[in-house]
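**Student:** Quick one, what's the 3D model for this:
(chains A and B)
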Amino acid sequence: MSDAMNQDVTPPTGATTRRTALKAVGATLGAAAFAQALAPLTEWTPNLSVAEFLQKHYRELTREQMAEILTRLENEARERYGAEVSIEDVPPADGVQFAYALNLSICIGCRKCAEACHRENNHDRSTQQSYIRVLEMEKGSIDLEKGTADYDHPVPQKDKFYMPVQCQQCDRPPCVSVCPVEATWKEKDGIVVVDYNWCIGCRYCEAACPYHARRFNWSRPQIPKEEVNPVQAYLSNRIRPQGVMEKCTFCLHRTRNGRLPACLEACPTGARVFGNLLDPKSEIRWVLENKRVFVLKEELGTRPRFYYFFDE
Amino acid sequence: MSPATIAAPSATRPVTFADHTRRYLEFLGKALGVATDGGWLFYGWMTLLTAVALVGTHAWAVQVRDGMGVTAMSDHVSWGLYIANFTFMVGLAAGGVMMVIPAYLYHDEKMHDVVIVGELLAVAAIVMCLLFVVVDLGRPDRFWHLLPGLGRFNFPISMLTWDVIVLNGYLLLNLHICGYLLYMRFLGRPPAPRWYVPFVFVSIIWAISIHTVTAFLYCGLGGRPFWNTALLAPRFLASAFVSGPAFIILALQVIRRLSSFHVGDGPIKTLLNIMRVTILINLLMVASEIFTEFYTGGSHTSAARYLYFGSHGHNALVPWIWTSVAFTVTSAAFLLCPKVHEKLWMLDIGCVLAFVGIWIEKGMGLIIPGFIPSTLHEMVEYLPNLTEWQITAGIWAFGLMVYTVVLKVALAVFTNQLRHS
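**Tutor:** Reported below is the predicted structural model:
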């Protein structure tokens, strides 16, 4: 066995030529097999344009570049989904700090909010994706360990209360800190957003989020064209590409244009309160000033902008 | 040198850039020859590894085309077998330093002769680390966003950017050290200490840093109580200094059997003595974590309960972690038994058990329970599927190919089969 790995580096000339020829054949076969193994990539790249590959980070784009990108994305929605959509880039306004509050005393756990989110934000149909998970909790405890999101029975159940959880739009968001490429950041109105065209899909933010608020596009979202919500924004509900992160944006395509989030409008009991913290006459301010509110996992120091409260 | 230049003795003629280039190309060309030449055992081994690597490559191409949904990962368990292997491989890369420290800090001459085996292991292991990160990316086409200068590098806030720096830096350091020493040996010249000794000392500190930074990736996350422990980085290091020496002991024995390169008993004995200490430190830290988790109780310790005993009828990781515990404890018993010095099989079994035990502990036993239960305390389990096993096996095969080839070149240089003419 000795020297089997380093056998004979200077064999006779005839053997060398034969060996070199064999090596060349081996290398060619190997290269061909390698190309064949990678062949599925050629079925993937048609979905990739050069413009998309070279696209810069959201915050480095000029107004003209953004206009071109929005047109390109609208065309892509037409080609891939057959849907006529309008995508805008709606910036945050000065003097606005968004916050959300949720009345746990009257939430009945019907999951209408999760369903509205699913439709509004053009989520993948097959996975029933939504940014909201509703937990059925035992009365007398706010320990998440005693809750379940998988309940399947008429609601509300006696001795239970219901706690919808979505992105808390933290003021100290761990997801933003961990992102290696600054693909996610906090906007000046308090909303944490993702540039779907910059995210590399490492999912570090998903590991860092203490609220299970982030979602990954494990495959290309599938939506029938008649179900596509055509009112879209670059940083929120446009149909996401495969392989990138996404999250709740407080429906910024609605709320930055003076409307309310879809989950709030869908709530049959009025458990949800949304508004501008800087507006002294807003309902959200009244809730924060008059109710005993709490935030989830306050001990982690993430400073959520999503408040929970009870009536009684 | 042509006869025309005899008048000017070559010893005094200044060596030009062209001379350097020619010599270096000669080195590379001959190295390529050695790397692709061997007996049937070598060709069989490389063909097998190529086949496995191709299966992995194909599985990865399908994963890129169809999305990460072809894996068993989910929004609940969003990192799986890839990141598990990545974490373990960082440890293996750092483990090579356990040859460098005796060789350079303690001037162990026998270790000095074979230290390159550990440094080359670091090269192969880091290449595998980088591949495990790439196959975990949802958008590998956007890899350039991570490049400092070109993309947007969230340094120093994101620990992942630190990891990019330390892993690539460690790769470059080891490539330089190995490349320089091999090239000098090829030329038949003694290496100039100033061109490698400072780098060796930097690489010692750097080896500690790669595993520390990788631990910080996880232990800095407040929302994941299972990882959020100050003991994580020390545990990473202790286990790395078990798995690294274990692999090198086995590699040294293979080298001894298959090449004419001389490997004495001294280095193996030194590595065994290191493992005897590190494996106990590692077990002590595991015990310390287990005590803290189970004596305290409460919902912060539910991941540990799930990992070791299962919870609410979910127990996918229980067999994994007890295999790891059994392997590591058995390995410790074998390695600490005085007979291990005479009975080589005891050493070999001890090393294999330690290697597999740590692979589970630093992989499936560390990454997966970080996600179970989820941050909203949902129990969603995870076991890798065929695609993930194929891609993982492919990267291991490729890493072993890299290690085989660089070792083959290095051993040919050290046994003077490959030298400047």
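
**Student:** contacts and neighbour counts: CA atoms only from here.
**Tutor:** OK.

**Student:** Show me which residues of stretch B:368-388 are buried.
**Tutor:** B:368-379, B:381-383, B:387-388 (16 or more other C-alpha atoms under 10 Å in any protein chain shown).

**Student:** Need the contact partners of stretch A:126-144.
**Tutor:** Residues from elsewhere that reach stretch A:126-144 (C-alpha atoms under 8 Å, 6 or more residues apart in numbering or on different chains): A:109, A:111, A:113-115, A:117-118, A:123, A:146-151, A:159-167, A:213-215, A:222, A:247-248, B:376-377.

**Student:** Narrow those residues to just the buried residues.
**Tutor:** If you count burial by 16+ other C-alpha under 10 Å, the buried members of the contacts of stretch A:126-144 come out as A:109, A:111, A:113-115, A:117-118, A:123, A:147-149, A:160-167, A:213-215, A:222, A:247-248, B:376-377.

**Student:** Is B:Ala332 part of a helix or strand, or is it coil?
**Tutor:** Here B:Ala332 is recorded as helix under DSSP: H, G, I helix; E, B strand; the rest coil.

**Student:** Show me the strands in chain A, by range?
**Tutor:** Assigned by DSSP state E, the strands in chain A fall at A:86-88, A:98-103, A:133-138, A:160-165, A:184-186, A:192-194, A:214-216, A:231-233, A:245-247, A:272-276, A:293-294, A:306-309.

**Student:** What of chain B?
**Tutor:** Under DSSP E, chain B gives no strands.

**Student:** Tell me which stretches of it form helices.
**Tutor:** B:17-35, B:40-66, B:81-95, B:97-100, B:109-136, B:159-187, B:197-219, B:232-258, B:265-296, B:302-309, B:318-336, B:344-362, B:386-414 (DSSP state H).

**Student:** I'd like those helices written out as a markdown table, with distance to A:Val85 added.
**Tutor:** Converted to a markdown table, these look like this (distance: least, C-alpha to C-alpha, whole Å):
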| stretch | distance to A:Val85 |
| --- | --- |
| helix B:17-35 | 56 |
| helix B:40-66 | 25 |
| helix B:81-95 | 38 |
| helix B:97-100 | 57 |
| helix B:109-136 | 32 |
| helix B:159-187 | 36 |
| helix B:197-219 | 40 |
| helix B:232-258 | 49 |
| helix B:265-296 | 52 |
| helix B:302-309 | 44 |
| helix B:318-336 | 49 |
| helix B:344-362 | 47 |
| helix B:386-414 | 36 |
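
**Student:** so which of the ones you listed gets nearest A:Gly82?
**Tutor:** Nearest to A:Gly82, of all these, is helix B:40-66, at 20.3 Å by C-alpha to C-alpha.

**Student:** what packs against the closest one?
**Tutor:** helix A:13-37, helix A:40-44, helix B:386-414 (3 or more C-alpha pairs under 8 Å, 6 or more residues apart in numbering or on different chains; DSSP states H and E).

**Student:** Just name the most buried of these.
**Tutor:** Stretch with highest mean neighbour count among these: helix B:386-414 (a mean of 22; mean count of other C-alpha atoms under 10 Å in any protein chain shown).

**Student:** Who are the packing partners of it?
**Tutor:** The elements that helix B:386-414 packs onto, with contact taken as 3+ C-alpha pairs under 8 Å, 6+ apart, are helix B:17-35, helix B:40-66, helix B:81-95, helix B:109-136, helix B:159-187.

**Student:** helices or strands next to the last one in the packing?
**Tutor:** Counting contacts by 3+ C-alpha pairs under 8 Å, 6+ apart, the secondary-structure elements packed against helix B:159-187 are helix B:17-35, helix B:109-136, helix B:197-219, helix B:386-414.

**Student:** Any chance of a markdown table for those helices, columns mean pLDDT?
**Tutor:** Shown next, in a markdown table, are those (pLDDT from 0 to 100):
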| stretch | mean pLDDT |
| --- | --- |
| helix B:17-35 | 93 |
| helix B:109-136 | 95 |
| helix B:197-219 | 96 |
| helix B:386-414 | 97 |
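
**Student:** who does A:Glu246 bridge with?
**Tutor:** Here A:Glu246 shows beta-bridge partners A:Arg215, assigned using DSSP bridges.

**Student:** which ones are touching the residue lying closest to B:Ile391 once chain neighbours are set aside?
**Tutor:** Closest residue to B:Ile391 apart from its sequence neighbours, by C-alpha to C-alpha, 6 or more residues apart in numbering or on different chains: B:Gly56 at 4.0 Å. Contacts for B:Gly56 (C-alpha under 8 Å, 6+ apart) come out as B:390-395.

**Student:** returning to that earlier point: now render the helices and strands packed on helix B:40-66 as a markdown table, adding distance to B:Ile208.
**Tutor:** Below are these laid out as a markdown table (distance: least, C-alpha to C-alpha, whole Å):
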| stretch | distance to B:Ile208 |
| --- | --- |
| helix A:13-37 | 36 |
| helix A:40-44 | 38 |
| helix B:386-414 | 22 |
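
**Student:** List just the one of those that sits closest to B:Thr161.
**Tutor:** Closest of the helices and strands packed on helix B:40-66 to B:Thr161 is helix B:386-414, at 22.6 Å (criterion: C-alpha to C-alpha).

**Student:** Off-centre distance for the closest one?
**Tutor:** Distance, stretch centre to chain centre, for helix B:386-414: 11 Å (C-alpha atoms, centre = their mean, to the nearest Å).

**Student:** And for stretch B:122-135?
**Tutor:** So, by C-alpha atoms, centre = their mean, the centroid of stretch B:122-135 is 8 Å from its chain's centroid.

**Student:** Could you name the stretch from the helices and strands packed on helix B:40-66 that's closest to B:Gly91?
**Tutor:** When those are compared by C-alpha to C-alpha, helix B:386-414 sits nearest B:Gly91, at 14.6 Å.

**Student:** Also compute the angle for that closest one relative to helix B:232-258, please.
**Tutor:** Per axes from the mean of the first three to the mean of the last three C-alpha atoms, to 10 degrees, the angle that helix B:386-414 makes with helix B:232-258 is 60 degrees.

**Student:** Helix B:81-95 and helix B:386-414, what's the angle between them?
**Tutor:** Using the same axes, to 10 degrees: helix B:386-414 against helix B:81-95 is 20 degrees.

**Student:** how big is the angle separating helix B:386-414 from helix B:40-66?
**Tutor:** With the same axes, to 10 degrees defining the directions, helix B:386-414 sits at 140 degrees from helix B:40-66.

**Student:** re earlier: out of the helices of chain B, deepest packed?
**Tutor:** Comparing the helices of chain B by mean neighbour count (mean count of other C-alpha under 10 Å), helix B:81-95 comes out on top with a mean of 27.

**Student:** just checking, what packs against that helix?
**Tutor:** Where contact means 3+ C-alpha pairs under 8 Å, 6+ apart, helix B:81-95 is packed against helix B:109-136, helix B:197-219, helix B:232-258, helix B:344-362, helix B:386-414.

**Student:** and the closest residue to chain A within the stretch 251-400 of chain B, backbone torsions?
**Tutor:** Distances between the stretch 251-400 of chain B and chain A by C-alpha to the nearest C-alpha are smallest at B:Ser259, namely 4.2 Å. Here is the backbone geometry of B:Ser259 (degrees, to the nearest 10): phi -140, psi 170.

**Student:** Hmm, A:Cys117 and A:Ala262 touching each other?
**Tutor:** Yes - A:Ala262 lies in contact with A:Cys117 (C-alpha atoms under 8 Å); the separation is 6.2 Å.

**Student:** for chain B, which spans come out with low pLDDT?
**Tutor:** Within chain B, the stretches with pLDDT under 70 are B:1-12.

**Student:** go again using 80 as the cut-off
**Tutor:** Chain B contains residues with pLDDT under 80 at B:1-15, B:299.
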